[in-house]
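Peer 1: Make a model of this:
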Amino acid sequence: SFSMGSGTSTSYTTAAGGTAYPGMWINLVATYSTTGGADIMKLYADGVEVAYKVDTSPSSATGKVLLGADQVSGAAAGFLTGQLADVQVWDSVATPAEPGTPASVFVPVTPDRIMDTRSATKIGSVTGPVAALSTTLVPIDGSTVDTQLPASGITAVAVAITTTQEADGGFLTAYPAQTPLPATSTVNFAAEITMTNDAIVPVGPDGDIAIYNNSSGTAQLIVDVTGYFTTNTAATNASTYTPLADPTTILDTRNGTGAPEATIAADGTLSLTIAGDTTNGVDIPSSGVTAVALNLTVVPTAVDNEGNLTTYPDGVSRPNVSTVTYDATGDQSQATTVLIPVGSDGKIDIYNGSSTTINLVGELGGYFTTATSGQYYHPLDSTRIIDTRNTKALAADGTLNIADPASVLAADPTLILNLTVTTPADAGFLVEYPGTASLPNASIIDFATNETVPNLALVNSATNNSFNIYNNSSGTVQIVVDTDGYFE
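Peer 2: Model prediction:
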């Protein structure tokens, strides 16, 4: 923990997080700086941001820094049982630098369920529900149900993480196992509302990922895999990423864009051609395309429509996975970005696992091909880039420009973000796009009043190492942005 207060104070502002392990050295960095008018305290463990706190009553005290103990009314207490070494103090703040990470290629797989903690449909070694404030390990290296993953060389995994049967609201954090728990989030959820978010999660040194349930209640967890990243460039279908200059709509069943103008029937499947697609000016190659990054928005045709989508390569049997879930309160649309493997015929399939018809909108962020000329993946320690709850809400019809974080050692990369909107004053949607580009006709998150919604976003920050978020709503919204890696 990292606390601020005067030497005679009986109360302190404290940023606390992370876990200490007996017998292991850990590098701690505490920073205090003013950002956007707010006094921000951060604590890093081995370069990972594990705690974040706004100091609403900054101390004007001067004097010594106390290490390895608590301080109460000027007296030290609660001493550390352990050792301290190599203490340094600076009078300015810089984000702890991360070392460069090796470039990885993406290998798509037929989507596969690798964990389900529900006893009736259990997959994996964990029988749920998982406890409140607990960590669940998900083996990745060598994982197999219907799809065999390599036993080594995996740097990250593309997964859809679903929480269901929650006893209380909260959020999940997915991160590399055997590393400090970061102060970020992956899936936000309310009680008894099934919620899915897709993520690209770096794999820990033991070949696992970890999922932390930051909730006061239990929950059931489901994990589906759609591909993995590896340094083995000789792997079959090893792919690099090509981002579009702007997100572009290639599917809208409401007006016949990319598919017939018709709703998708309950228990129905839509086939969408990807290879060679030129819809709205996109120029996808006619061969070599292995996967797409597609933001799918479910537009309900009935009040309180709920269900799930299964996205998979055309030409294979529909797998038992849910890459998108939706619970449309009223008639609110819901968006999820998915990495979808493309079939050998250049098509993908989208199955509507609902009892009612739906419309679908698909906005393309980029695509993967077997060409070696595209961008390669680089993992990062999970980092919170911005949280407007600590500064100023994004105004109605307002745009926020965000610079790439200092931990991204690349020029004009594609950022892998978890973008969360919370406490919106009115319904609407967000648009993300490159920092110097014009506002595109697209969206990344749809939200209802006072709703918290996350979504994976692969954001092109080309031309000036920044990106924009536009609030298409008549009310203010709070924005939280985390990153776990980038393409370069």
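Peer 1: Work out for me the element the nearest residue to residue 417 once chain neighbours are set aside sits within.
Peer 2: Nearest residue to residue 417, sequence neighbours excluded (CB to CB, 6 or more residues apart in numbering): residue 457, at 4.5 Å. Where you see a C-beta, it was placed from the backbone N, CA and C, and this is true even at glycine. If you go by DSSP states H and E, residue 457 is part of strand 453-460.
Peer 1: Partner strands of the helix or strand following that strand and their direction?
Peer 2: Along the chain past strand 453-460, the next helix or strand (assigned with DSSP H and E) turns out to be strand 466-473. Sheet pairing of strand 466-473 (DSSP bridges) gives strand 399-403 (antiparallel), strand 428-434 (antiparallel).
Peer 1: Strand 466-473 to strand 453-460, inter-axis angle?
Peer 2: 140 degrees (axes from the mean of the first three to the mean of the last three CA atoms, to 10 degrees).
Peer 1: who's in contact with strand 466-473?
Peer 2: Outside strand 466-473, the residues within contact range by CB atoms under 8 Å, 6 or more residues apart in numbering are 394-404, 415, 419, 424-437, 439, 443, 447, 459-461, 477, 479, 481.
Peer 1: low-scoring stretches of the protein, by residue?
Peer 2: Filtered on pLDDT under 70, the chain yields the residue ranges 6-11, 21, 35-37, 59-63, 73-74, 94-100, 328-331.
Peer 1: Any idea which residue is closest to the centre of it?
Peer 2: Closest to where the C-alpha atoms of the chain average out (CA atoms, centre = their mean) is residue 418, at 3.1 Å.
Peer 1: And for it, nearest residue in space, chain neighbours not counted?
Peer 2: For residue 418, ignoring the flanking residues on the chain, the nearest one in space by CB to CB, 6+ apart is residue 482 at 4.5 Å.
Peer 1: Phi first, then psi, for that neighbour.
Peer 2: When read as degrees, to the nearest 10, the backbone of residue 482 gives phi -120, psi 150.
Peer 1: how about it, what does it touch?
Peer 2: Counting by CB under 8 Å, 6+ apart, the residues that residue 482 touches are 184-185, 382-385, 417-418, 420.
Peer 1: Out of these, name the ones that lie in strands.
Peer 2: Judged by DSSP state E, the subset of those located in strands is 382-385, 417-418, 420.
Peer 1: Tell me which two in those residues are the farthest apart.
Peer 2: Pairwise distances across the ones in strands among the contacts of residue 482 peak at 14.2 Å for 383 and 420 (criterion: CB to CB).
Peer 1: one step back: quick one, which of the strands paired with strand 466-473 is packed in tightest?
Peer 2: Across the strands paired with strand 466-473, averaging neighbours per residue (mean count of other CB atoms under 10 Å) puts strand 428-434 on top, at a mean of 23.
Peer 1: helix or strand right after it?
Peer 2: Going down the chain from strand 428-434, the next helix or strand is strand 445-447, by DSSP H and E.
Peer 1: how far out from the middle of the chain is that following strand?
Peer 2: The chain centre lies 15 Å from the centre of strand 445-447; the measure is CA atoms, centre = their mean, to the nearest Å.
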